[in-house]
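> Build me a structure from this.
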Amino acid sequence: MTRQGAGSTGDDGRPLRLRVPATSANLGCAFDTAAIALRLHLELTATRRSRPGLELKYIGPQQERVKVGAENLLLRALLAAADRFGADPPAMALEVRSDIPIGVGLGSSAAAIVAGVELGARLAPETPLLADKLNLAAELDGHPDNVAAATLGGFVVVSGAGEAGGPRTAKAHLDDDLRFVVAIPSQGMATAKSRLALPATYPREDVVHNLQRVALLVASAFSGEFSFQPEFFDDRLHQPQRAREIPGVAECLRIRHPELLGVCLSGSGSAVLAVTRGSPDIASQLLREAFDRRGVRASTLSLGGDNAGAVWPTGE
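Here you go, the predicted model:
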């Protein structure tokens, strides 16, 4: 089902503005099946122009790493969405302002892809279904968890990317008093390398171990209580292998403290995520000390959850 007239938005010359949150996927045991949205954002401003083509300006972390030509993820996603959803080739000047660190497991790529897909869908003559947007974003990103959380916000579980009907999702709203402390070590690891660290097969007992904890994690979230416990995040499928690649990560994952509800890798790393309802200062200190003991410096961020997902803040 679609509604008419979506493509007329912005024809009065006003810029289109979109905000997309950072995300943290996997959450330990929920490998490739769950993610949360965090209050750290990519903001896109798109202005129509008379001359054809796209022009992109990026302002944010590691600007030297962000390509602004045809290979840019946001531009590729925008053109793919315009093509799939029947929009005219866009002629726009785009400005991206982002607070999301690049390449540390906070969904910077997913945010860019979701922004491009959302803008392309917004320019279409008819508004695409959410499932169609998610399916395209998951195709472009390669994984549905980050793009689903960036689109929907909250705590999202997802399955079925690339299958008929697109990804299936379920969302729980994150409690306002949950704090997510992210420690970003100075030593990083490329996503491609982190994938190569994983085995091709797993023992049955390791798979069962994870399934049990995923059930507890998801049940806790969708009960509305978020009564997380550190054991819920314990994983045998990807964290032990990836932790060997960055000194200090294994030590972070072993942290236990009354103030911490759980610790896990953020996405494929290198960042580590701690969940707390208490003082974020305690979580920050514990994570930095774990890295310090291995001679690795780490910076920390204290973030709330984002339940809105990808939104047009001006109401356009």
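> Beyond the helix or strand bottoming out on mean pLDDT in the chain, next helix or strand please.
Every helix and strand of the chain was ranked by mean pLDDT, DSSP states H and E. The lowest is helix 191-196, at a mean of 62. Later in the chain than helix 191-196, the nearest helix or strand by DSSP states H and E is helix 204-222.
> Touching that next one from outside, list them.
Outside helix 204-222, the residues within contact range by C-beta atoms under 8 Å, 6 or more residues apart in numbering are 27-31, 33-34, 155, 157, 170, 172, 226-229, 231-237. Every C-beta, even on glycine, is put in place using the N, C-alpha and C of the backbone.
> excluding its backbone neighbours, what's nearest Arg288?
With C-beta to C-beta, 6 or more residues apart in numbering as the criterion, Arg288 has its nearest non-adjacent residue at 5.2 Å, and that residue is Ala298.
> Show me which parts of the strand or helix carrying Ala283 are buried, residue by residue.
Secondary structure assigned from DSSP H and E places Ala283 in helix 280-292. Neighbour-count burial for helix 280-292 flags 280, 282-284, 286-288, 290-291 (criterion: 16 or more other C-beta atoms under 10 Å).
> tell me which residues of stretch 51-68 are tucked away?
Buried, per 16+ other C-beta under 10 Å, within stretch 51-68: 54, 56, 58, 60, 66, 68.
> Oh, that last question was meant for stretch 214-225, not what I typed.
Neighbour counts over stretch 214-225 (16+ other C-beta under 10 Å) mark 214, 216-218, 220-221 as buried.
> Which single one of those residues is nearest to Asp99?
Within the buried residues of stretch 214-225, proximity to Asp99 (C-beta to C-beta) peaks at Ala221, which comes in at 25.1 Å.
> any idea how far that closest one lies from Lys57?
Going from Ala221 to Lys57 by C-beta to C-beta, to the nearest Å gives 38 Å.
> Run the chain-centre distance for the top strand by length along the chain.
The longest strand of the chain (DSSP state E) is strand 34-48. Computed by C-alpha atoms, centre = their mean, to the nearest Å, the chain-centroid distance of strand 34-48 equals 9 Å.
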